[in-house]
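In: Take a look and give me a structure for this.
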Amino acid sequence: MHGIIVTVELAGQLAQVERDLMRRELVGRRSEHVGELAEPAGERELLERGLSIFGLGVEEAGEAPTEVRRLAEGREAARARREFAEADRLRGEIASLGWEVQDVPGGFRLIPRK
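Out: Have a look, this model is predicted:
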């Protein structure tokens, strides 16, 4: 029996190839239809398509409560001041309210815990 083992690295490379191919396809469409804007597939759509291969999906999390956002903003400010103990404390407080905070380029992302 032959099979392919898909590692996280390989999955990432495959996703990049798919994005590159889609961009090339869209560029071709745009040159065929001058003046007509063909919107490229968004990051979310690509993620959903990739996850669907494995029978997974993306669910909407909704907006975090104001208090959770305020704590996350305070944590972000503490990290900028290099006050990591305070940032860790705030992370714990956010977690106690049922949310996970992830650091992303340009800010943070709040994810509800299950």
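
In: Walk me through the domains of the chain.
Out: Domain assignment of the chain by automatic domain parsing yields the ranges 8-53, 66-112.

In: For Ile111, what are phi and psi?
Out: phi -130, psi 130 (degrees, to the nearest 10).

In: so who does it touch?
Out: 61, 99-102 (C-beta atoms under 8 Å, 6 or more residues apart in numbering). Placement of C-beta: from N, CA and C, glycine included.

In: which of these lies closest to Phe108?
Out: Val101 (5.3 Å; C-beta to C-beta).

In: hmm, back to that, put together a markdown table for the domains of the chain, with mean pLDDT on each row.
Out: Output for these, formatted as a markdown table (pLDDT from 0 to 100):
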| stretch | mean pLDDT |
| --- | --- |
| domain 8-53 | 66 |
| domain 66-112 | 94 |
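
In: what's the most buried one of the ones you listed?
Out: domain 66-112 (a mean of 14; mean count of other C-beta atoms under 10 Å).

In: what's the farthest-apart pair in the contacts of Ile111?
Out: Top of the distance list for the contacts of Ile111 (C-beta to C-beta): Ala61 and Val101, 12.7 Å.

In: where do the contact lists of the two overlap?
Out: 110-111.

In: just to revisit the earlier point, how about the contacts of Ile111 in CSV, adding secondary structure and distance to Ala77?
Out: Formatted as CSV, those follow (DSSP: H, G, I helix; E, B strand; the rest coil; distance: C-beta to C-beta, whole Å):
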residue, secondary structure, distance to Ala77
Ala61, coil, 23
Trp99, strand, 18
Glu100, strand, 19
Val101, strand, 13
Gln102, strand, 17
